[in-house]
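>>> coordinates for the following, if possible.
(chains A and B)
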Amino acid sequence: MAIKSAKPFLENLTEEQKRLGSRIFDLIVGRVLKRVYLSLDESGKKNMETIFLSDDSKEKEKFVKKYAPDFKEIFKEEAGEINGEITEEILKKTTT
Amino acid sequence: MYREGESREYNPRDDAGPIIEGEVISEHLELGNNPEASAEQTPGSLVEAGILPAEKKNATDAVISSKWSEKAREFFKTPGGEVLKGAGVVTGVGAGLFAIWLLKDIYFIWKFAKVMIEKGGKMTYADGKKIAEDTFSALGVGGDKKK
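The predicted structure follows:
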């Protein structure tokens, strides 16, 4: 069955799958943010820390758009990396 | 990219990327059984076991485990805990795209764990490739096909 939209599929996930999916999302975004952070100079790093510690959503949006215009590409790459790490662990747990 | 006669092991990372149309897959590598593998394993328990080392890695990373990073990750979720919406809004590319990528991962990993259990820890290269193809098919999206 081909799923034309991700939304119905997301809603069809079991609670366990949603919970695990949320943890995977957290792992991916953590790695994405680190890559963005490490690409900045010291002043930029301080700025990023300050902005994301604040509650100013607009500033956060502006920051991502300005300093991480390739956010979606990085996300895609890191999703692939995390996918690989998890499946390798599954292999270890089930094979020699 | 694999070619006929080439000898290499199945690497799940290969399927994180694009599926290359017309690719010749000739390996049928059988992975050995792990006598310690529990008969009680479920896809959920295996996926969770697979996530834990990555979480530990992130937890020991000075940047990822910092307070600002923790708060930033929350920013990418909606207040109800629904993932992706925030990421879509922030990047302006739409939550749907992030949803597809994340679902691809969940679907692939879940199915990978399920097949590993069903096959008693033995998986051929063709099995792994089929899971990847099923994943793209189920989500109604193609890989980034290369000519």
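
>>> neighbours of residue B:105, how many?
23 (other Cβ atoms under 10 Å in any protein chain shown). For every residue, glycine as well, the C-beta is placed using N, CA and C.

>>> for the one 5 residues further on, same thing?
Number of residues near residue B:110 (other Cβ under 10 Å) recorded here: 22.

>>> so who does the residue lying closest to residue A:67 once chain neighbours are set aside touch?
Distances taken as Cβ to Cβ, 6 or more residues apart in numbering or on different chains place residue A:36 nearest to residue A:67, at 6.3 Å, with adjacent residues excluded. Residue A:36 makes contact with A:48, A:64, A:67-68, A:71, A:74, according to Cβ atoms under 8 Å, 6 or more residues apart in numbering or on different chains.

>>> biggest helix in chain B by residues?
helix B:95-118 (DSSP state H).

>>> what residues sit buried inside the next helix or strand after that helix?
Following helix B:95-118 in sequence order, the next helix or strand is helix B:125-138 (DSSP states H and E). Buried residues in helix B:125-138, defined by neighbour count with 16 or more other Cβ atoms under 10 Å in any protein chain shown: B:125, B:127-129, B:131-132, B:135-136, B:138.

>>> quick one: which of the residues you listed is nearest chain A?
residue B:138 (6.1 Å; Cβ to the nearest Cβ).

>>> by mean pLDDT, point me to the weakest helix or strand of chain B.
Lowest on mean pLDDT, DSSP states H and E among the helices and strands of chain B sits helix B:85-91, with a mean of 53.

>>> so the closest residue in space to residue B:121 that isn't next to it in sequence versus residue A:88, what's the distance?
In space, and not counting its chain neighbours, residue B:121 is closest to residue A:94: 4.1 Å by Cβ to Cβ, 6+ apart. With distances taken as Cβ to Cβ, to the nearest Å, residue A:94 is found 11 Å from residue A:88.

>>> out of those two, which sits in the more crowded spot?
Taking neighbours as other Cβ under 10 Å, residue A:94 and residue A:88 compare with residue A:94 leading, 26 against 16.

>>> the more buried one contacts residue B:45, correct?
No - contact criterion Cβ atoms under 8 Å: residue A:94 and residue B:45 do not qualify, at 11.1 Å.

>>> burial check on residue B:71, number of neighbours?
Neighbour tally, residue B:71, other Cβ under 10 Å: 16.

>>> same thing with residue A:66?
For residue A:66, the count of nearby residues is 8 (other Cβ under 10 Å).
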